[in-house]
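Trainee: Mind looking at a prediction? Sequence and model below.
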Amino acid sequence: MRTLRTFGLTLLAALSTSLAFAQTPAEVVPEAHAVVERFATVTKLTENLSKTNSRRERGSVKFGGIEGKIDSWSAKPDRQKVTLDLGGLGKMVSGCDGEAAWISGDLTGSRLLSGMDSYSARLESAYASALKSGEVYESMKNLGRETFEGKECWKLEFVAKVAEGLDPLKTLKARTSQEFYEISSGLLIGSNATMDGEMGSGPLSTVYSDYKDFGGVLLAATKTSSAQGVKMVYVTDAVEFDTAKPEDLAPPLEIQKMLEAAAAKKTE
Amino acid sequence: MRLRSLAVLLCAPLALACQQPHVCTAACEQGLVSSAPEAHAREGETTPPLELEARPAQALAAPAKQALDSVAALAAFDQAWQEIHDSHFDPTFNGVDWDALKLELRPKAEQAKTRDELRAVIGEMLARLGQSHFAVIPSDALPAMAGAHDESGGLGFDVRLRDGRLFVVSLEADGAAAAAGVQSGWSVRRIGDFDVEAALVKAQAAASLGARQLAFRLWAVAHGSINGPVGGHAAVSFLDGEDHPVELTLERKKRNVTAHEFGPTLPTFYLEFASSIVERAGKKIGTLRFSNWFLPVVKPIDDAMETFRQLDGVVLDLRGNTGGAAAMTMRVAGHFFAESKALGVMSTRDSKLNILAFPRTVNAAGEMVTPFAGPLAIVVDETTGSASEVFAGGMQALGRARVFGETSAGAVLPAVTTVLSNGDTLLHALGDFETSTGVRLEGRGVVPDVVVPLERARLLAGHDAPLEAALDWIANPNPNH
């Protein structure tokens, strides 16, 4: 069902984008979902996400004079575990099983995320999050042309549906994000989001670049994020598909125990 | 990949707020640091001019006097200026007209003939901010200081500056100083090449140095002379309890420290850790002491807290702890809270990062545990800096700890490093910290609930007055009853 809908959207996207690029005097601005579908088609993400069940990305991260390794696992439908090995700062692991999200660091200790922190993690853990499912968003708009990093882009705005227990107004900013899709190539080249939760708040902007073919799918090998006044550069060196074992996505022991305790508390 | 969640993850350990006395000391002494102590504070400025000096591990070994062309000099100067322009947490730059300062100093940078001259200009620019954690770390510092900063050995004593004299405040039981009969309360006149009086005269010439800054500075310099490679010797001049001169040659014995490599732009840290259980007035009290907030001390702290769980109280002695990765305060605070609490907020120009206690509800064995609920006392003085102040100030503001001793360093800004085009490293603060009650600690420090000054007479009598006051409070929290 999902695949059929995706195909349908792809066709629609192809139509929409071709209209958009006709550059008629009164420019036709494609629908947001059409821009996303074009991106998914150009990168072969649609095909990849339907064919594969898990993905592993490995690479490096640099920020503030610190260098580390990153190992990220994602699996259908919405599981993820990301491990950062920051050398002298130890390891930091974050994860989500579709319901519970957590972080655990050698330095920081462990924590089950709550509120908007948890919701944001759940949104981003969806295996097909790049396709921007209409089930997730209450609105998707194309705000029109905008220059981003010197490139002409469609600027899309997404507002995620409000989750149970969250205040719709207070979380609106954190539920809202913008993405920039290059008009000429169809590629996603930037995004703006707002972090706003118990852990902290502030803007997060990301530039996606250096698209490379990883096993038949085009992925941005370099992602440069700016948050909390720091620039963070993630470089993906290798991507593999369908190699995940259950233990690869399992949380650390401390988190497992915390999840068990939380579940027991819920059933009391 | 989840960039949003990762960003939060990554920002936490960035709260690197620390002083490194050993590096600062030698760099200053050797004239390697562009921002000399006296250049760090503006006239009348109360902000402590404590700088974190570090050496890039993979730095270019370019001699300080090496000739420099004006293009290279300007490139490095402009980069340093721009980095701070773009990342300083305060858009007013602590009241400094940052654009005007560039116009003023850029011609000086252009005229710099050597790397040292350029460092002096950049150092002057940083000093105008009058804030902690802004410094230039010379690229040639590493090879020049590599041997001098093996701190695995030590003479076996620690010092503090009071009333213009440097007093021995503690002795290692198996150290050379104790073996030679040195006692707490003796004063130190010279350690090797480090002449205390001469250093004091030099430091006091810097009129803007306050008492706390001066005390920290001298402690840092002394540390650089006390510690060094195992087997090295130092001639030390003391005055005993009756002020009679005592001349000793002491050998540096292996210290009980863990060497920790933090990253490519910072030096090796030699981490100290100690814990014990003491009895006082029938109460059992756990004591913890560690020198920096870094990974190797995480497990020892967790293990110690596991053994402290049923005790009557805990004393955390943060004297001599100059900071580290402030993110670690989240973990340690979690030992003392059953529910998440914010120690405070680190603010950058457009973001806020809450320093939260992560309650420690599962131990290393995977067993559910209850965080320690008994009284916590924290001991501080002017050598308590940065991440230690985040912890002490944060716990104090939440009413979870009672603080004893003397006011801490007041150097709390979280910082990162950037390698400049000339190979030097720029250390620059990018955030500020306020406790949960809105108290800004930069410049102010953590003011103890119970001020317990160091007194020579008490030292000579073998007492550690601040620590004993903390133990007494736990042993008898309400003496009127």
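Mentor: Looks like it arrived, so ask away.

Trainee: Would you quantify the distance from B:Asn292 to chain A?
Mentor: Counting by Cβ to the nearest Cβ, to the nearest Å, the gap from B:Asn292 to chain A is 11 Å. No exception for glycine: its C-beta is placed from N, CA and C like everyone else's.

Trainee: Name all residues that make contact with that residue.
Mentor: For B:Asn292, the contacting residues are B:18, B:260, B:269, B:271, B:321-324, by Cβ atoms under 8 Å, 6 or more residues apart in numbering or on different chains.

Trainee: Equivalent analysis for B:Gly445, please.
Mentor: Residues in contact with B:Gly445 (Cβ under 8 Å, 6+ apart) are B:48, B:212, B:382, B:389, B:407-410.

Trainee: As JSON lines, those residues with distance to chain A would be great.
Mentor: Formatted as JSON lines, those follow (distance: Cβ to the nearest Cβ, whole Å):
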{"residue": "B:Pro48", "distance to chain A": "23"}
{"residue": "B:Arg212", "distance to chain A": "28"}
{"residue": "B:Glu382", "distance to chain A": "26"}
{"residue": "B:Glu389", "distance to chain A": "18"}
{"residue": "B:Thr407", "distance to chain A": "27"}
{"residue": "B:Ser408", "distance to chain A": "21"}
{"residue": "B:Ala409", "distance to chain A": "22"}
{"residue": "B:Gly410", "distance to chain A": "22"}
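
Trainee: By neighbours, which of the residues you listed wins?
Mentor: B:Ser408 (32 neighbours; other Cβ atoms under 10 Å in any protein chain shown).

Trainee: Taking the contacts of B:Gly445, tell me the two that lie furthest apart.
Mentor: Greatest spacing in the contacts of B:Gly445, by Cβ to Cβ: B:Arg212 and B:Glu389 (12.2 Å).

Trainee: Overlap in contacts, the two.
Mentor: By Cβ under 8 Å, 6+ apart, the residues touching both B:Arg212 and B:Glu389 are B:409-410, B:445.

Trainee: Please point out which parts of stretch B:107-118 sit buried.
Mentor: For stretch B:107-118, a neighbour-count test (16 or more other Cβ atoms under 10 Å in any protein chain shown) marks B:108-109, B:112, B:115-118 as buried.

Trainee: swap that for stretch B:242-259, sorry
Mentor: Burial within stretch B:242-259, assessed by neighbour count using 16+ other Cβ under 10 Å, is assigned to B:250-253, B:255, B:257-258.

Trainee: Quickly check: whichever helix or strand A:Glu157 is part of near chain B or not.
Mentor: Using DSSP states H and E, A:Glu157 maps to strand A:151-160. No - applying Cβ under 8 Å from any Cβ of the partner chain, one finds strand A:151-160 separated from chain B by no less than 11.6 Å.

Trainee: Do you have the helices of chain A handy? List them.
Mentor: For chain A, the helices defined by DSSP state H occupy A:2-20, A:32-42, A:45-51, A:115-125, A:172-175, A:253-267.

Trainee: again but with the stretch 201-350 of chain B, I slipped
Mentor: Using DSSP state H, counting those that start in this stretch, the helices assigned to the stretch 201-350 of chain B run over residues B:211-226, B:298-308, B:328-333.

Trainee: hey, which of the ones you listed is tucked in deepest?
Mentor: helix B:328-333 (a mean of 27; mean count of other Cβ atoms under 10 Å in any protein chain shown).

Trainee: Mind exporting the C-alpha coordinates of that helix to PDB?
Mentor: Output of helix B:328-333 as PDB, limited to C-alpha atoms (Å, rounded to 0.1, in the frame of the first residue of the first chain):
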ATOM      1  CA  MET B 328      30.300  15.200  33.400                       C
ATOM      2  CA  THR B 329      28.600  17.300  36.000                       C
ATOM      3  CA  MET B 330      25.300  15.900  34.700                       C
ATOM      4  CA  ARG B 331      26.400  12.400  35.600                       C
ATOM      5  CA  VAL B 332      27.900  13.200  39.000                       C
ATOM      6  CA  ALA B 333      24.900  15.300  40.000                       C
END
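
Trainee: Show me what that helix is in contact with.
Mentor: Here helix B:328-333 makes contact (Cβ under 8 Å, 6+ apart) with A:105, A:107-109, B:12, B:293-295, B:298, B:301, B:341, B:343, B:355-358, B:360, B:387, B:390-391, B:394-395.
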